[in-house]
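Colleague: give the three-dimensional model of this entry:
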Amino acid sequence: MGQPEIHAVWDHSGKGLHPGDWPKTMQVLKSANVTDIFVNVAGADFAHYASSILPRSKAFSDYGDQMAACLRAAQGTGIRVHAWIICFNATRGVPKQLELFKARGWRLRDKDGAQTTYLNPANANVRTFALSIVEEINSRYRVNGIHLDFVRWPHAVAKSANAAQAVTQFVAEARRRVKRPRWLTAAVYAKYPRCIDTVGQDWVKWLNFDLVDYVVPMDYTESASQFESFLRQHASRSVNARRTIAGIGVTSSESNLSVAQVVEQVRLARKYGLAGQSLFDLDATLEQKILPALRKGIWK
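Modeller: Model (predicted):
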């Protein structure tokens, strides 16, 4: 028998559905046959956990160590917990941290010369810094995996000649630190191979070189035909399909899906033999509308 189908959710808030009550969130996920949760606990300028190298967030101040709380609540549920790390973008815009990155010469400039919140993946010190986050979480917590996000360049910058190589080097270094059986997964752009040039993300190479266990393309669209086009490309080699989890944008900036659309996208992902599906985002819509529909039969 092969690997059971993966039913994952992204938790962008990093606090679960009910801040301060991870057991309640886990009850909801368990009842809906969720197998995996990607919990957004760290980035270049924040930590929802007891970090020694990153600024601790308001979520940490208000509710405590979210990585530890999530792991405690997951015990006995069978749900795998993955620490979601935002690698090369200071998404919280913490002024002190941004000034630090600027002083170190780590921040990329856009095509007009303005400083961005993105860090330069071609800078070895930037990669070392991001890897230190991976190491800290991986060594302190009994997570089932590390989930890399923003493991890429932004669109609106002049990229170095070795843009894709620099990102691949980072992923390879992360793999050396995250040893199996723990998973190393990555959220990636759906449009391959175009994303190699646009954001320096050669994720098929990562699969071919066995650097990651799964990729999770952000197949965010309301169009069934566009979604199927993404899946067709993902499944062009059967080995890639078995290591690809379709990212479904239930409530994303690119898509806002009805229950019927989510069910159809799940069915299409199965049609093309993908390893499973991951839903964005763990919010009230998912809790009140989507998960109740899925647990009626399609997620078994």
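Colleague: so where do the helices sit in the stretch 151-300 of the chain?
Modeller: 163-177, 194-199, 203-208, 224-234, 238-241, 259-271, 284-285, 291-294 (DSSP state H, counting those that start in this stretch).
Colleague: quickly, which of those bottoms out on average pLDDT?
Modeller: Lowest mean pLDDT within these: helix 238-241, a mean of 85.
Colleague: nearest to residue 70, of the helices of the stretch 151-300 of the chain?
Modeller: Of all those, helix 291-294 sits nearest to residue 70, with 17.4 Å by C-beta to C-beta. C-beta here means a position set from N, CA and C on the backbone, and glycine is covered the same way.
Colleague: ok, and what's touching the closest one?
Modeller: 7, 28, 29, 31, 32, 33, 34, 259, 262, 263, 266 (C-beta atoms under 8 Å, 6 or more residues apart in numbering).
Colleague: pLDDT weak spots in the stretch 1-150 of the chain?
Modeller: Along the stretch 1-150 of the chain, segments meeting pLDDT under 70 span 1-2.
Colleague: where along it do the strands fall?
Modeller: 6-11, 36-43, 46-47, 80-86, 107-109, 115-119, 145-149 (DSSP state E, counting those that start in this stretch).
Colleague: dump the last one to PDB, restricted to CA.
Modeller: I take that to be strand 145-149. Output in PDB follows, covering the C-alpha atoms of strand 145-149 (Å, rounded to 0.1, in the frame of the first residue of the first chain):
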ATOM      1  CA  GLY A 145       8.500  18.600   9.600                       C
ATOM      2  CA  ILE A 146       9.700  22.000   8.500                       C
ATOM      3  CA  HIS A 147       7.700  23.800   5.900                       C
ATOM      4  CA  LEU A 148       9.600  26.500   3.900                       C
ATOM      5  CA  ASP A 149       7.700  29.500   2.400                       C
END
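Colleague: name the helices or strands packed onto that strand?
Modeller: strand 80-86, helix 124-140, helix 163-177, strand 183-189 (3 or more C-beta pairs under 8 Å, 6 or more residues apart in numbering; DSSP states H and E).
Colleague: what about residue 62, how many residues nearby?
Modeller: Residue 62 has 11 neighbouring residues, counting by other C-beta atoms under 10 Å.
Colleague: again with residue 166
Modeller: 21.
Colleague: what do you get for residue 209?
Modeller: With other C-beta under 10 Å as criterion, residue 209 counts 13.
Colleague: what does residue 203 give?
Modeller: Quick note: residue 203 (other C-beta under 10 Å) scores 28 neighbours.
Colleague: test my guess that it contacts residue 193.
Modeller: No: under the criterion of C-beta atoms under 8 Å, residue 203 makes no contact with residue 193, lying 9.5 Å away.
Colleague: nearest to residue 161, out of the strands of the stretch 1-150 of the chain?
Modeller: strand 107-109 (15.0 Å).
Colleague: packing partners for the closest one?
Modeller: strand 115-119.
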